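> return atomic coordinates for the entry below.
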Amino acid sequence: MKQILIIHGGSSFASYHDYIDYMQTMPLDYERLKHSQKWKPWIAEEMIDADVLLPAFPNGANAIFDEWKLYFEKILPFLEDDVQLVGHSLGAMFLGKYLQHCPLAKPVRRVILIAGRYTDIAYDAGSFELTDVSRLSESADEVHLFHSQDDKVVPYTDLAKFQADLPGAISHTFTNRGHFNDATFPELLKLLKQK
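Got it, this is the predicted structure:
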């Protein structure tokens, strides 16, 4: 059975104080409180010939890498032969850091990183700090990178940093998809359906 594991995004902070400060100063957007369709469950609905796994990783609002690592390693034994790993935003950072330090014993078919942040001096990624992903390709037959030039959350320039570490990766660039928070994601669906 084809398996697709999608790891959602979130936030990570260097300290609990930084997290509380963010919570106190973060403006709340009323529109974001309303229900809206997201592409992750849409992919699950569209991929009727696959098991699409959509786990909720621990405390996405103040994520800690070691907690996500423990949870991910509980999922790994369930993965079989035809696996695609998808990470969006902080999920892409998680896959990058995890696979850099803990390459999989058996490579998966694809690793897909969507709008991943590559850490630099101007951005504090907390425990998800990511400065090298060159070993990620050891864990996958194919690596794909998705990024949009108008992403207001993760600078488009971060794509080039991933490309430098992963010269064999296939890049998918867009001009108008922001941080990929749409209701559907047809380009990703097409890729996931490929043999």
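
> alpha carbons only for contacts and neighbour counts from here, please
OK.

> ok, the residue positioned nearest the centre of the chain - contacts?
The centroid of the chain falls nearest to Gly87 when counting by C-alpha atoms, centre = their mean (2.1 Å). By C-alpha atoms under 8 Å, 6 or more residues apart in numbering, Gly87 lies in contact with Ile6, Ile7, His8, Gly9, Met93, Phe94, Leu95, Val111, Ile112, Leu113, Ile114, Gly116.

> can you lay out these as CSV showing neighbour count and pLDDT?
As requested, the contacts of Gly87 are exported to CSV (neighbours: other C-alpha atoms under 10 Å; pLDDT from 0 to 100):
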residue, neighbour count, pLDDT
Ile6, 23, 98
Ile7, 25, 97
His8, 19, 96
Gly9, 22, 92
Met93, 28, 96
Phe94, 27, 97
Leu95, 26, 98
Val111, 28, 98
Ile112, 25, 98
Leu113, 28, 98
Ile114, 25, 98
Gly116, 29, 94
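
> switch these over to a markdown table; also include distance to Gly126.
Below are the contacts of Gly87 laid out as a markdown table (distance: C-alpha to C-alpha, whole Å):
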| residue | distance to Gly126 |
| --- | --- |
| Ile6 | 22 |
| Ile7 | 18 |
| His8 | 17 |
| Gly9 | 14 |
| Met93 | 11 |
| Phe94 | 12 |
| Leu95 | 15 |
| Val111 | 23 |
| Ile112 | 22 |
| Leu113 | 19 |
| Ile114 | 19 |
| Gly116 | 14 |
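
> closest one to His17 out of those, please.
Nearest to His17 among the contacts of Gly87 is Gly9, at 20.9 Å by C-alpha to C-alpha.

> returning to that earlier point: next up, phi/psi of the residue nearest to the centre of the chain, please.
Backbone torsions of Gly87, given as degrees, to the nearest 10, read phi -120, psi 130.

> partners of it in the sheet?
Note on Gly87: beta-bridge partners Ile7, Leu113, judged by DSSP bridges.

> hang on, the earlier thing: pick out the most distant pair among the contacts of Gly87.
The span of the contacts of Gly87, defined through C-alpha to C-alpha, is set by Gly9 and Val111 at 15.5 Å.

> ok, which stretches of this structure are strands?
All strands of the chain, identified by DSSP state E, fall at 2-7, 50-53, 82-88, 108-114, 140-148, 170-174.
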